[in-house]
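*Asks:* when you get a sec, could you give me coordinates for this:
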Amino acid sequence: MKLVGLLTRSIFGAREDAKQSDGHPDTAQKFDATLDQFQTGGVTAAVDDLVALARDGNADAQYDLGWRCFCGDGVPKSYSEAVRWYRLAAEQGHAKAQFHLGDRYYWGIGVDKNRVEAAEWYRLAAEQGYADAQYELGKMYERGRGVPQNSPEAVIWYQLAAEQDDDRAQYKLGNMHVNGRGIPKNDAAAVKWWRLMAEQGHARAQALLGLMYGSGRGVPKDLVKAYAWSIVASAQDPTFPDYQEVKESLAELMTAAQIAEAQTLSQEYWDLHVVPVDGGSTFVE
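*Replies:* Numbers count the residues shown, from 1 in each chain. Next comes the predicted model:
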């Protein structure tokens, strides 16, 4: 049985995600009040206040205005204006603005594409602990884009992001461990990271975890757990043939009693790791 091959989290809008305090309580309170205006429908006044705060040098306002220019939320959409406001906030050390400015350089949106410049802005945000930037910087090192290819360096940044529950980094880190890229090969470590991702509800990791249990790599071989994880993965994404193929391959090795036990266990996995806490179960095997 072979491992399934390589099977955004962009977080906007939430107040705590928008804020990175500049240490000035008065301007922070004004920024909060401006966000409240957006929430309560006073968009015109909110935009005016936001622009005023941004022009006064408030980094949170500059970042938020950059995002609104990028999305066309309350202001005319303008990628170049988004870059301008992101840059002003980024130059003040605003981690989220640094990340988004790096993204604009990476993709060439609102600014000429420049992967070297992208890496520098990602690095500044990553060094402040911003998980999205840590993941992207790790990916650049893994692929050699904008920086020299360096798998051990990629592992360092992936691990920092993975430890903050970034599911993409957890997947990548598991992949690096299982293939021995940039780090000694370690199936048990791969299982650890894929399990964390699987428990966040991701079918890809659930299928991989099933494969590891089915082959006894990194964990004691357990066909019941392997089949249970495979059921959950295939139920989440029935259109992906590999998930169903893994499930069918495992079933050929199992007794009817084992399959029944796995079906019961898969319902537990589904309720714990797929269904929202306050939602009802819709799982059907």
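*Asks:* does Gln134 lie in a helix or a strand, and which?
*Replies:* According to DSSP states H and E, Gln134 maps onto helix 131-143.
*Asks:* again, but for Arg168
*Replies:* Per DSSP H and E, Arg168 falls inside helix 167-179.
*Asks:* please apply the same query to Val147.
*Replies:* Using DSSP H and E, Val147 is not contained in any helix or strand.
*Asks:* tell me, how many residues neighbour Pro184?
*Replies:* Residues lying near Pro184 (other CB atoms under 10 Å) number 7. C-beta coordinates here come from the backbone N, C-alpha and C atoms, glycine included.
*Asks:* what separation do you get for it and Gln62?
*Replies:* To Gln62, Pro184 is 44 Å away according to CB to CB, to the nearest Å.
*Asks:* kindly report the same for Gly108.
*Replies:* Distance, Gly108 to Gln62, using CB to CB: 22 Å.
*Asks:* neighbour-wise, which of those two wins?
*Replies:* Set side by side, Gly108 and Gln62 show more neighbours around Gln62, with 27 against 13, by other CB under 10 Å.
*Asks:* gap between the spatially closest residue to that one that is not a sequence neighbour and Leu65?
*Replies:* By the measure of CB to CB, 6 or more residues apart in numbering, the closest residue to Gln62 outside its immediate chain neighbours is Ala89, 3.8 Å from it. From Ala89 across to Leu65, the span is 9 Å (CB to CB).
*Asks:* now do Ala205
*Replies:* Separation of Ala205 from Leu65 (CB to CB): 37 Å.
*Asks:* buried residues of the helix holding Arg168, list them for me.
*Replies:* Asp167, Arg168, Ala169, Gln170, Tyr171, Lys172, Leu173, Gly174, Asn175, Met176, His177, Val178 (16 or more other CB atoms under 10 Å).
*Asks:* then stretch 263-272?
*Replies:* Using 16+ other CB under 10 Å as the test for burial, stretch 263-272 gives Leu265, Ser266, Gln267, Tyr269, Trp270.
*Asks:* what does stretch 63-80 give?
*Replies:* Neighbour-count burial for stretch 63-80 flags Tyr63, Asp64, Leu65, Gly66, Trp67, Arg68, Cys69, Phe70, Gly74, Val75 (criterion: 16+ other CB under 10 Å).
*Asks:* stretch 125-137: end-to-end distance?
*Replies:* 10 Å (CA to CA, to the nearest Å).
*Asks:* let's have the chain start at 10 instead
*Replies:* Let's use 10 as the start, then, which means that last one is stretch 134-146.
*Asks:* if anything else comes up later, I'll come back, but that's it for now.
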